[in-house]
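>>> model the following, please.
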Amino acid sequence: MAIRVHSFVSSGKRYIQVESQPQHITGIFRTLMHFSKNMHPYTSRDVESACFRCEEDGTMTFYQAQSIDVDHSAGIWTYLVYECPVGEEKVFPDSSIDTSANSLQPLFAGYKIVQVAVDIKEYIECQYIQDEYLDVQLPSGWNTQEGRKIANLLLEEFRAFKSSTIFAERAGKEYMRSVFNGFIKAAQEVLENGRTLKDFESAQYDVLRKIRIHDMANLILEYNDYRIWQAALPTKSKAVEYAFSTALKLICRIK
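Below is the predicted model of the structure:
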């Protein structure tokens, strides 16, 4: 059974409302701007409704303009979206969440949304997306000379993982999760003890030596596809290099 979600018809989906994050706001803004060739004097009032899908977190964000015919104010709503059997569609709203469209005003005025990341993971994920309308700043404790250097190194590791589909499934996904968590923990310890980037790079090898690598290496061999190697290498990522060098050693043993 089809349902209507903020002027959009949907079926086979359930919607659970969550707080709109800055990347959801900027996504809606880009969608609204798509309707106009010129940014000024265009405003959000020129479009009655719009939606933005964020693939990274599985959400849908809806914008609805203020209507004369319907008693509601302009607003922005974000939902986690799940598949469900046809006939069981439902929207789960949360009245405690602020849905006003005020967060769009700075963007229409030509400013970026400034956000201090809750933690280094959020910072890395936002930097990876590279949203031109979002200024994400390092969390407390990381905004130092060494902290910025280490954060940039973590970002490069994250980008290298994302460059190959092999790290998005099964053993590859678990390897990425374990390594990245280990790197972040090591980085935090380095910064808390007032140490340097070189100390962190040394700690990275310690993390990798403790990681279960056998399943990851076997997954690389299982693909038996040179394109996997071509997409991942060469790389500055210690984690990706370690995974593929281990797979290469296994090949040599087999031969």
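
>>> give the rounded mean pLDDT of stretch 64-78.
Mean pLDDT, computed over stretch 64-78, is 72.

>>> oh sorry, the question was meant for stretch 166-185
On average, stretch 166-185 scores 93.

>>> what's the distance between that stretch and the middle of its chain?
Distance of stretch 166-185 from its chain centroid, counting by C-alpha atoms, centre = their mean, to the nearest Å, is 15 Å.

>>> quick one: contacts of it?
When contacts are defined by C-beta atoms under 8 Å, 6 or more residues apart in numbering, stretch 166-185 is touched by residues 120-121, 154, 157-158, 161, 164, 204, 207-208, 210-213, 215-216, 218-220, 223, 228, 232, 239-240, 243. (C-beta placed from N, C-alpha, C; glycine too.)

>>> which parts of the stretch 1-150 of the chain are strands?
3-5, 8-10, 13-18, 49-54, 59-64, 75-83, 90-92, 113-116, 134-137 (DSSP state E, counting those that start in this stretch).

>>> go through those and pick out the most buried.
Using mean count of other C-beta atoms under 10 Å, the stretch among those with the greatest mean number of neighbours is strand 59-64 (a mean of 23).

>>> can you list the strands that it pairs with?
strand 49-54 (antiparallel), strand 75-83 (antiparallel) (DSSP bridges).

>>> give me the angle between that strand and strand 13-18.
Angle, strand 59-64 to strand 13-18, by axes from the mean of the first three to the mean of the last three C-alpha atoms, to 10 degrees: 80 degrees.

>>> please save the CA atoms from strand 59-64 in PDB.
Extracted C-alpha coordinates of strand 59-64, given in PDB (Å, rounded to 0.1, in the frame of the first residue of the first chain):
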ATOM      1  CA  THR A  59      18.400   8.400   5.300                       C
ATOM      2  CA  MET A  60      15.900  10.500   3.300                       C
ATOM      3  CA  THR A  61      15.500  14.200   4.000                       C
ATOM      4  CA  PHE A  62      12.400  16.000   2.900                       C
ATOM      5  CA  TYR A  63      11.800  19.700   2.500                       C
ATOM      6  CA  GLN A  64       8.300  21.100   2.400                       C
END
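
>>> show me how far it is from its chain's centre.
Worked out by C-alpha atoms, centre = their mean, strand 59-64 lies 17 Å from the chain centre.

>>> on that earlier part again, closest to Ala187 out of the strands paired with strand 59-64?
strand 49-54 (26.6 Å; C-beta to C-beta).

>>> now the strands of the stretch 1-150 of the chain as TSV including distance to Lys149?
TSV is the format used below for these (distance: least, C-beta to C-beta, whole Å):
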stretch	distance to Lys149
strand 3-5	44
strand 8-10	45
strand 13-18	34
strand 49-54	30
strand 59-64	32
strand 75-83	34
strand 90-92	43
strand 113-116	19
strand 134-137	16
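
>>> thinking again about what came up before, drop anything exposed from the contacts of stretch 166-185.
Burial by neighbour count, 16 or more other C-beta atoms under 10 Å: within the contacts of stretch 166-185 this picks out 120, 154, 157-158, 161, 164, 204, 207-208, 211, 213, 216, 219-220, 228, 232, 239-240, 243.
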